[in-house]
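Q: Structural data only, the sequence is not supplied:
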């Protein structure tokens, strides 16, 4: 029995991470990225302490995102209460975790057709 999640064609599944970037939907991305179900964009953030409301504005502008997975790098870190509340006011729940866990969780939620996006800090 095949237990691989079925993901509609064209969706941005995360296939690999490391070496300073990601492979998403068959394309190699260097550096940090913002991943949405139908597109991926580069993200200028390189360190966790750069993650703030302004850095995550493209997620709010995207619209329709209910869950934002924050890949914090090699280990999970806890974002400020102000950031969490600012996103919550826009209907977005922020879930911080290490980048690997965020990539895997994103794929699962994408397969479940949840309103998810991922903000992923690149790791070496």
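A: Arrived safely, thanks for sending. Computed from a predicted model, the values in this text were never measured in an experiment. Residues are numbered from 1 along each chain as shown.

Q: make it CA atoms for all contacts and neighbour counts henceforth
A: OK.

Q: Would you mind pulling the contact partners of stretch 62-73?
A: By Cα atoms under 8 Å, 6 or more residues apart in numbering, the surrounding residues in contact with stretch 62-73 are 47-48, 59, 91-103, 105-106, 115-123.

Q: Likewise for stretch 48-59?
A: By Cα under 8 Å, 6+ apart, stretch 48-59 touches 34, 45, 65, 72-73, 77, 79, 83, 86-87, 117, 119, 121.

Q: now those residues in CSV, with secondary structure and neighbour count?
A: Below are those laid out as CSV (DSSP: H, G, I helix; E, B strand; the rest coil; neighbours: other Cα atoms under 10 Å):
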residue, secondary structure, neighbour count
34, strand, 22
45, coil, 20
65, coil, 20
72, coil, 27
73, coil, 23
77, coil, 15
79, coil, 17
83, helix, 16
86, helix, 15
87, helix, 20
117, strand, 30
119, strand, 29
121, coil, 29
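
Q: got the end-to-end distance for stretch 110-118?
A: 10 Å (Cα to Cα, to the nearest Å).
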